[in-house]
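1. how would this look folded up:
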Amino acid sequence: MEIHSNVNDIKEELIALRRDLHQHPEVAFQETRTASMAAEQLKSAGFQVETGIGKTGVVGTLNFDRPGNTLMIRADMDALPIQEIDGKSYGSNIRGSMHACGHDAHTSVALIVAQLLSRYKDELKGCLKVVFQPAEEIIEGAKAMFDDGLMKDEKPDRVLGFHCWPSLEVGKVGIHEGYMWANVDIVQINIKGVGGHGGTPHLTVDPISAAAHLYITLDNLFTREISPFSSAVLSFGIFQGGTQYNIIPDEAKLVGSVRTLDPQTREVVLRRLEEISTSVVKALRAEVDVQIMTGVPAVNNNAEVCKDVRKSAVETVGAENVVDPGQATVGDDMSYFLNEVPGCYFLLGVANPEKGIGAPLHSPEFDIDENALSIAAETMVRAAVDYLG
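-> Predicted coordinates:
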């Protein structure tokens with residue numbers, strides 16, 4: 001198989017597809033145009049197609065003539081509610097929506113990989129499933145697809161995916177074995193006090209004061225109770241209380257995210273967070289209700305699959321350009337797939353400082369060097385051919 005030349009021949013189509021998707025971003029569970037395009041292209045390539053899996057998800061299945069392994073390729077489709085900066089010829093046509101996380105690249109690469117692998121049908125065995133998942137940005141799409149039976153009848157033997165990564169320059173591929181990205185849980189702390197006049201605070205139970213003391217005290221959990229070799233992050237994005245400068249309110253609220261990389265640290269952090277909140281707030285005479293919404297589990301890459309994907313990446317970009325990107329405390333519901341079957345979620349370098357490309361994910365300035373697209377496609381095709389060949 002002339003994989004490199006075949007990918008190179010389709011490079012312009014790949015870029016055009018990505019730009020079309022970039023111009024038509026659709027946020028979580030509204031990916032109707034994207035899903036329709038994916039379904040049509042899969043059908044054209046000979047796949048059996050199911051739509052409406054997890055509301056707007058699409059699954060394409062291609063069975064080869066000989067028995068063998070089942071490989072699943074997963075790509076997320078949704079955009080973000082972000083207003084893109086002006087100036088791109090292929091910029092978003094939808095005000096307030098933008099592909100600021102590279103899901104347009106993920107979808108376009110998966111479609112091209114499906115198309116190329118269908119050409120090799122007579123030389124492969126087993127089964128290929130290509131999944132286009134909605135609503136990754138709100139961490140609900142994978143679960144919705146699973147609830148609709150994605151893995152119920154027959155689990156694949158292996159799953160692959162990738163994510164654009166602006167911390168790596170174009171030409172680089174990042175592969176990390178084991179826990180790569182974090183568990184992400186949401187915590188809401190509701191504090192109940194006794195409101196009153198700002199001039200007579202001694203007659204009140206001030207929930208803002210209690211919340212402020214708790215906010216500072218929780219730092220101690222991460223600096224004195226968690227090993228410096230165990231990653232854990234607590235970030236509060238909401239601190240609410242009061243509506244008037246001279247009124248002490250009767251309620252305050254903290255809402256944030258807890259990010260950990262391993263199950264043991266996660267258990268300790270969530271347990272101690274509740275214990276500390278209860279102790280600190282009660283010491284200040286207020287009442288507290290701690291609500292923990294269990295979120296997405298950690299992205300955990302299988303060592304054996306990573307080894308095989310690394311081989312494919314080396315064949316694509318050379319050994320010197322395949323790196324370990326380390327761990328990060330971002331989250332992704334690719335983790336649900338990786339918890340079900342062994343797999344690898346590799347990172348694609350998309351930055352190019354010479355072109356002014358390198359803004360972080362979820363930024364209105366985010367973009368990719370489109371030369372990275374063919375690197376992702378070739379790596380995926382090589383990994384699939386090695387596994388299904």
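2. and the helix with the most length in the chain, what does it pack onto?
-> If you go by DSSP state H, the chain has its longest helix at helix 263-283. Packing partners of helix 263-283 (3 or more C-beta pairs under 8 Å, 6 or more residues apart in numbering; DSSP states H and E): strand 183-192, helix 207-220, strand 232-240, strand 251-260, strand 287-296. Bear in mind the C-beta positions are built from the backbone N, C-alpha and C, glycine included.
3. In stretch 378-389, which residues are buried?
-> Of all the residues in stretch 378-389, those buried under the rule 16 or more other C-beta atoms under 10 Å are Glu378, Thr379, Met380, Val381, Arg382, Ala383, Ala384, Val385, Tyr387, Leu388.
4. So what touches that stretch?
-> Residues from elsewhere that reach stretch 378-389 (C-beta atoms under 8 Å, 6 or more residues apart in numbering): 1, 3-4, 6-7, 64, 68-69, 71, 73, 109-110, 113, 116-117, 120, 123-126, 128, 158, 160, 162, 173, 308-309, 311-313, 315-317, 346.
5. For those residues, which PyMOL command selects only the ones that are buried?
-> Selection command for PyMOL covering only the buried members of these, criterion 16+ other C-beta under 10 Å:
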select buried, resi 3+6+7+64+71+73+109+110+113+116+117+120+124+126+128+158+160+162+173+308+309+311+312+313+315+316+317+346
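6. Just list the residues touching the residue nearest the centre of the chain, thanks.
-> The residue lying closest to the centre of the chain (C-alpha atoms, centre = their mean) is Asp332, at 2.7 Å. With contact set as C-beta under 8 Å, 6+ apart, Asp332 has these partners: Glu136, His163, Trp181, Val296, Val299, Tyr345.
7. Swap in 7 Å and give it another go.
-> Asp332 sits next to Glu136, His163, Trp181, Val296, Val299 when contact means C-beta atoms under 7 Å, 6 or more residues apart in numbering.
8. ditto for Leu254
-> Ile189, Ala211, Tyr215, Phe236, Ile238, Phe239.
9. Could you do Ile138 as well?
-> Ile138 neighbours (C-beta under 7 Å, 6+ apart): Ala28.
10. Where does it sit: helix, strand or coil?
-> coil (DSSP: H, G, I helix; E, B strand; the rest coil).
11. And the pLDDT at it?
-> Ile138 carries a pLDDT value of 94.
12. What distance do you get for it to Pro81?
-> Using C-beta to C-beta, to the nearest Å, one gets 10 Å for the distance from Ile138 to Pro81.
13. cool, Val305 as well?
-> Remark: distance between Val305 and Pro81 (C-beta to C-beta) = 34 Å.
14. out of those two, which sits in the busier spot?
-> Shown here are Val305 and Pro81; by other C-beta atoms under 10 Å, Val305 has more neighbours (24 against 13).
15. Can you list the neighbours in contact with the helix or strand hosting the more buried one?
-> Taking DSSP states H and E as the definition, Val305 sits inside helix 303-317. Contacts with helix 303-317, where a contact means C-beta under 7 Å, 6+ apart, come from 158, 160, 171, 173, 175, 177, 322, 342-344, 346, 375, 378-379, 382-383, 386-387.
16. Where does the prediction get shaky in the stretch 151-300 of the chain?
-> By pLDDT under 70, the stretch 151-300 of the chain contains no weakly predicted segment.
17. Helices of the chain, start to end?
-> 3-9, 11-23, 32-44, 103-119, 141-147, 207-220, 263-283, 303-317, 334-340, 371-388.
18. what's the angle between the longest one and helix 207-220?
-> Read that as helix 263-283. Counting by axes from the mean of the first three to the mean of the last three C-alpha atoms, to 10 degrees, helix 263-283 points 150 degrees away from the direction of helix 207-220.
19. just to revisit the earlier point, work out the gap between the helix holding Val305 and the centre of the chain.
-> Put simply, helix 303-317 sits 21 Å off its chain's centre (C-alpha atoms, centre = their mean, to the nearest Å).
20. Dump it to CSV, restricted to CA.
-> C-alpha atoms of helix 303-317 as CSV (Å, rounded to 0.1, in the frame of the first residue of the first chain):
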residue,chain,number,x,y,z
ALA,A,303,0.8,0.9,26.7
GLU,A,304,0.6,-1.8,24.0
VAL,A,305,-1.6,0.3,21.8
CYS,A,306,0.6,3.3,22.3
LYS,A,307,3.6,1.3,21.2
ASP,A,308,1.9,0.4,18.0
VAL,A,309,0.7,3.9,17.3
ARG,A,310,4.2,5.2,18.1
LYS,A,311,5.6,2.9,15.4
SER,A,312,3.1,4.3,12.9
ALA,A,313,4.0,7.9,13.9
VAL,A,314,7.7,7.2,13.5
GLU,A,315,7.0,5.9,10.0
THR,A,316,5.1,9.1,9.3
VAL,A,317,7.3,11.9,10.8
